[in-house]
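[1] 3D model of this:
(chains A and B)
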Amino acid sequence: MKKLIVRKLIVDEHNELFDAQGMRYIEFPSDYSRVREFTARVLNDCPKEFLEGNLLEQQLSEIIKNGIKHGNKRDPSKKLKVWYDFRKRVRFIIEDEGEGFKNLDAWNEFYKKRQMALFQEDFTTFLDLASYRDSDSDSEDGGNSLIAALEYWNGGMIYNTRKNKVGVVRWFTEGSARVSP
Amino acid sequence: MSQIFLSKSLPNFYHLLTDLYFTVAMEITNHKNLNSGVLTIRVSGDVDLYSASILYKTYCTIADRGESLVHFDFSAVNYLDSSGVGAIIRILQVAKSKGLRLSFSGIQGTPRKVLAMSNILPLLKEVE
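    Residues are numbered from 1 along each chain as shown, chains lettered A, B, ... in the order given. Next up is the predicted model:
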């Protein structure tokens, strides 16, 4: 039976996903041309069973890209801070020095409408809503990274109150999480 | 047959990251089957934040030329990120606005998972 699934981006300053105790730390300059390089550096000694091909790299690079591009506005004087932990699961805390994701509530509304159109198989509306756009978007923005992220980070994706820091975790069962289909 | 090749220079130390070495390059070739009238665009490599806009612009050029039957072969695409997914969405939107037909094949591995997680697979007409 078909089910309507609408997830939400959540703000919770005191969530346990922001507890960086025991996590490793690295920081990067806001160099957009090096997003994938920075991602590779974080994942350099990540256990292979957590990589799922290049799926973990792809998902982490989206968060790093968002922090450098939308958070720090590619300002080279601003840093992107990354805490990471690969013990039993993959967990990251990523913080930029920007003003935060101001349109988080609008994004949740957009996602609700998008998923409703998909549920109703209204593909005309769905195609119009397939990518999220706001005043900060440009032609290089896919407008869909958070949609996949909400499914991928199966242990949670939480923002702090200022919305410039996100905590994410992905748990694995039998070495690999399942992504449908 | 035409060809576009995009490559990026990599810092030397990159090659030390043996476990995560990837090819930051996308290649696009296309050819038209004169019997069927289908123009096939074959994409290979990484469709990412640096290359996705080229894929979109390539299709726009072809659509502006009036090609009504375009097929995308993604069998050699190893990496697709949200910019790549966004490019595919914009290609679908252009095709719809112009009344042009699209089909896809070879979407596999991580790119397929990313499209599935983005809920975009139902929009794609996939053929063998």
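[2] is it true that A:N164 touches A:N72?
    No: applying Cβ atoms under 8 Å as the test, A:N164 and A:N72 come out as separate, 9.2 Å apart. Heads up, the C-betas are built off the backbone N, CA and C, glycines and all.
[3] list the residues that contact both of these two?
    Contact criterion Cβ atoms under 8 Å, 6 or more residues apart in numbering or on different chains; residues shared by A:N164 and A:N72: A:96-98.
[4] in which helix or strand would I find the residue in chain A that chain B sits nearest to?
    With Cβ to the nearest Cβ, the shortest gap between chain A and chain B falls at A:G142, namely 2.8 Å. A:G142 is located outside every helix and strand, with elements delineated by DSSP states H and E.
[5] you'd agree it is up against B:A87?
    Yes: at 7.4 Å, A:G142 and B:A87 qualify as touching, with contact defined as Cβ under 8 Å.
[6] which one of those two is surrounded by more residues?
    When A:G142 and B:A87 are compared for neighbours, A:G142 comes out ahead with 30 against 26, by other Cβ atoms under 10 Å in any protein chain shown.
[7] where does the residue nearest to that one when sequence neighbours are not counted land in three-state SS?
    Nearest residue to A:G142 in three dimensions, chain neighbours excluded: B:G86, at 2.8 Å (Cβ to Cβ, 6 or more residues apart in numbering or on different chains). Recorded secondary structure, B:G86: helix (DSSP: H, G, I helix; E, B strand; the rest coil).
[8] for B:G86, give me its contacts.
    B:G86 makes contacts with A:131, A:141-144, B:52, as judged by Cβ under 8 Å, 6+ apart.
[9] that older thread, quick check, pLDDT for the residue of chain A closest to chain B.
    According to the predicted model, the pLDDT of A:G142 comes to 72.
[10] now do the one 5 residues further on
    At A:I147 the predicted local distance difference test score is 93.
[11] wait, it sits on B:M117?
    Yes: at 7.2 Å, A:I147 and B:M117 qualify as touching, with contact defined as Cβ under 8 Å.
[12] those two: which has the busier surroundings?
    Between A:I147 and B:M117, A:I147 has the larger neighbour count (other Cβ under 10 Å), namely 25 against 22.
[13] among A:N164 and A:N72, which residue is more densely surrounded?
    A side-by-side neighbour count of A:N164 and A:N72, using other Cβ under 10 Å, places A:N72 first with 24 against 19.
[14] list the contacts for that one?
    So, once contact is read as Cβ under 8 Å, 6+ apart, A:N72 ends up touching A:30, A:78-80, A:96-98.
[15] report the two of the residues you listed separated the most.
    With Cβ to Cβ as the measure, no two of those lie farther apart than A:K79 and A:G98, at 11.0 Å.
[16] turn the shared contacts of A:N164 and A:N72 into a markdown table, columns for secondary structure and distance to chain B.
    A markdown table is the format used below for these (DSSP: H, G, I helix; E, B strand; the rest coil; distance: Cβ to the nearest Cβ, whole Å):
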| residue | secondary structure | distance to chain B |
| --- | --- | --- |
| A:D96 | coil | 16 |
| A:E97 | coil | 21 |
| A:G98 | coil | 18 |
